[in-house]
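**Q** dropping the sequence and predicted coords here.
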Amino acid sequence: MEAFRTMESFMTVGTCSKQIIFKVNENVLTDCRFVNGCSGNLQAISKMSIGRNIDEIIEKFKDIKCRNNTSCPAQLASALRQYKTSKETMVAAAK
């Protein structure tokens, strides 16, 4: 059923992009779209991230700074951390 999950949504903080819409399947980022922000850079971040393990993305992007002590890649890392935490919480609750 994991393959049929709906897209996740994350409201960014402190960046030009306002929202990240993404999909994860078996711990791999399968779709990623940014709302607003620097189109070319955000397309590149998405294309470079799709197909990668979310733990790898989190580790590579978490400390990147642009403005307001964060960046669009760092916000993607935050979105994926939040996703991972909520999924772990759901699994624990189901036990």
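**A** All right, it came through fine.

**Q** for residue 45, give its distance to residue 24.
**A** 16 Å (C-beta to C-beta, to the nearest Å). All C-beta spots, glycine's among them, are computed from the backbone N, C-alpha and C.

**Q** who touches residue 55 in this structure?
**A** 27, 84 (C-beta atoms under 8 Å, 6 or more residues apart in numbering).

**Q** that one is in what secondary structure piece?
**A** helix 54-61 (DSSP states H and E).

**Q** the nearest residue to residue 17 once chain neighbours are set aside and residue 7, how far apart?
**A** Nearest non-adjacent residue to residue 17, counting by C-beta to C-beta, 6 or more residues apart in numbering: residue 37, 3.2 Å away. Residue 37 sits at a distance of 18 Å from residue 7 (criterion: C-beta to C-beta).

**Q** mind listing what's buried in the lengthiest helix in the chain?
**A** Determined from DSSP state H, the single longest helix within the chain is helix 72-94. Buried residues in helix 72-94, counted by 16 or more other C-beta atoms under 10 Å: 72-81, 83.

**Q** and the angle for the helix holding residue 55 with helix 72-94?
**A** 150 degrees (axes from the mean of the first three to the mean of the last three C-alpha atoms, to 10 degrees).

**Q** can I get helix 54-61 in PDB, CA atoms only?
**A** Presented in PDB, the C-alpha positions along helix 54-61 are these (Å, rounded to 0.1, in the frame of the first residue of the first chain):
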ATOM      1  CA  ILE A  54      15.800  10.200   2.800                       C
ATOM      2  CA  ASP A  55      18.400   9.700   5.500                       C
ATOM      3  CA  GLU A  56      21.100  10.600   3.000                       C
ATOM      4  CA  ILE A  57      19.200  13.700   2.000                       C
ATOM      5  CA  ILE A  58      18.700  14.700   5.600                       C
ATOM      6  CA  GLU A  59      22.400  14.300   6.400                       C
ATOM      7  CA  LYS A  60      23.600  16.200   3.300                       C
ATOM      8  CA  PHE A  61      21.100  19.100   3.400                       C
END
